[in-house]
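In: mind folding the following:
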Amino acid sequence: MNKITIGADPEFFVCNNDLGEIVSSIGLLGGTKQAPRKCKYGFVQEDNVLGEINVNPSTDPSEFVNNTLNILGEAGDILLQSGHKIAGGVCYHQYPESIASLMLNNDQAKEFGCDPDLNAWTGEDNPDNSEYARENNLRVAGGHIHIGLPHEFRNNPMAGMYLARLCDLFISYPLMVYMPKKMREQEAARRLIYGQAGSYRLKKYGIEYRTVSNIWLWNPELAYFVADAAMKAAYAVVQNRNVERIIHKMEEFNVIQSLSNPNKSDSGLNEPKVDRSIRLDVARFSINIEDHYEDLFNKEFWFSNKSIDYSHAA
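Out: Here you go, the predicted structure:
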């Protein structure tokens, strides 16, 4: 197949039905990284103490949303059998010591990730912060996006690097701006462990973009946005739509610093510093999210009349 495809493997916390207390998923969902549990619309598995769904890849954002909602529903149905449910809207949690001593003191709960991820801006491996998470009873939930590329762009380190950089602008930056303050505080705390700007892995089919959290999992419109934006980022790379010029403008407007360098907030948690002075006419490089997301994003912020002139870009 020579098309661009979008899949995902978002993680989620599990809570009990009675108290809504976040617990471990171990023994509740079944499935592992090596042998995920097959369902009709994808796969489910236990990842550390979190649950995870593997969304079947698709070539259409609407199909991606349907696949996501269906496999998430299947995971929820499995959890209900034991009196548990998915804890929506949570991407960061510190387990109280009373619970941690019971639920985090086993090999599966201490296992983090499988391979290091890369930083698209430095070209180096991201630091491994798993020991910090273990010592502080912290767990975080990603919403990783899998982007399949045409054959000639697969196993291409340069294409993968550029695509991960564009995903920072097309996906993570607008999501960060949209987030309510409470979610943004969670997101900033999560990024101290995982999810720095430009985090990705090269895959045989394309890349796995790992910066974004699971925030999009709780809103079908956001899920559509993520798939649509990921596809448009991929097409920008495949069709060479002024990619280097766009990335230069990202650096000029401190998009990366806004994603990667949280500043201290009044709440005591780390909150990302958002540069709201950025003015990009995103329609000029074909993200064109205005049609679907005018109620989600600040139009004055994203769609000013001060367009960037790409006519002389190489």
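
In: and stretch 143-151, end to end?
Out: Stretch 143-151 has an end-to-end distance of 25 Å (criterion: Cα to Cα, to the nearest Å).

In: what's it in contact with?
Out: 1-11, 57, 91, 156, 159, 163, 167, 171, 203, 205-210, 212-217, 226-227, 230-231, 233-234, 237-238 (Cβ atoms under 8 Å, 6 or more residues apart in numbering). C-beta: built from backbone N, CA, C; applies to glycine.

In: before we move on, what about stretch 116-136?
Out: For stretch 116-136, the surrounding residues in contact (Cβ under 8 Å, 6+ apart) are 94, 104, 110, 112-113, 138-140, 160-162, 164-165, 168, 192-194, 196-202, 208, 210, 256.

In: please repeat the previous calculation with a cut-off of 6 Å.
Out: The contact list for stretch 116-136 (Cβ atoms under 6 Å, 6 or more residues apart in numbering) reads 110, 112, 161, 164-165, 193, 196, 198-201, 210, 256.

In: determine which two of those are furthest apart.
Out: Between any two of the contacts of stretch 116-136, the greatest separation by Cβ to Cβ is 32.8 Å, found for Lys110 and Arg165.

In: these two: which is more packed in?
Out: Arg165 (25 against 14; other Cβ atoms under 10 Å).

In: that one belongs to a strand?
Out: No: looking at Arg165 with DSSP: H, G, I helix; E, B strand; the rest coil, it is helix, so not inside a strand.

In: mind listing what it touches?
Out: For Arg165, the contact set (Cβ under 6 Å, 6+ apart) comprises Ala120, Gly198, Ile247.

In: and the contacts of stretch 143-151, which of them are in strands?
Out: With DSSP state E as the criterion, strands contain Thr5, Ile6, Gly7, Ala8, Glu11, Pro57, Lys203, Gly206, Ile207, Glu208, Tyr209 from among the contacts of stretch 143-151.

In: kindly state the beta-bridge partners for the first one.
Out: Okay, so that is Thr5. Beta-bridge pairing of Thr5 under DSSP bridges involves Gly148.

In: please enumerate the strands of the stretch 1-150 of the chain.
Out: 5-8, 11-16, 22-23, 37-39, 42-47, 50-58, 84-87, 92-94, 118-119, 138-140, 145-148 (DSSP state E, counting those that start in this stretch).

In: hmm, back to that, which of the ones in strands among the contacts of stretch 143-151 count as buried?
Out: Neighbour counting with 16 or more other Cβ atoms under 10 Å marks Thr5, Ile6, Gly7, Ala8, Glu11, Pro57, Gly206, Ile207, Glu208, Tyr209 as buried within the ones in strands among the contacts of stretch 143-151.

In: take these and write them to CSV, including pLDDT.
Out: Output for those, formatted as CSV (pLDDT from 0 to 100):
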residue, pLDDT
Thr5, 97
Ile6, 98
Gly7, 97
Ala8, 98
Glu11, 97
Pro57, 95
Gly206, 96
Ile207, 97
Glu208, 97
Tyr209, 98
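
In: which of the residues you listed lies closest to Ala188?
Out: Using Cβ to Cβ, those come closest to Ala188 at Glu11, 17.8 Å.

In: give the contact list for the closest one.
Out: Shown in contact with Glu11 (Cβ under 6 Å, 6+ apart): Asp47, Leu50, Glu52, Ala141, Gly142.

In: run the last query once more with 10 Å
Out: For Glu11, the contacting residues are 25, 45, 47-48, 50-53, 91, 139-144, 213-214, 217, by Cβ atoms under 10 Å, 6 or more residues apart in numbering.

In: roughly how far apart are it and His248?
Out: The gap separating Glu11 from His248 is 33 Å, by Cβ to Cβ, to the nearest Å.
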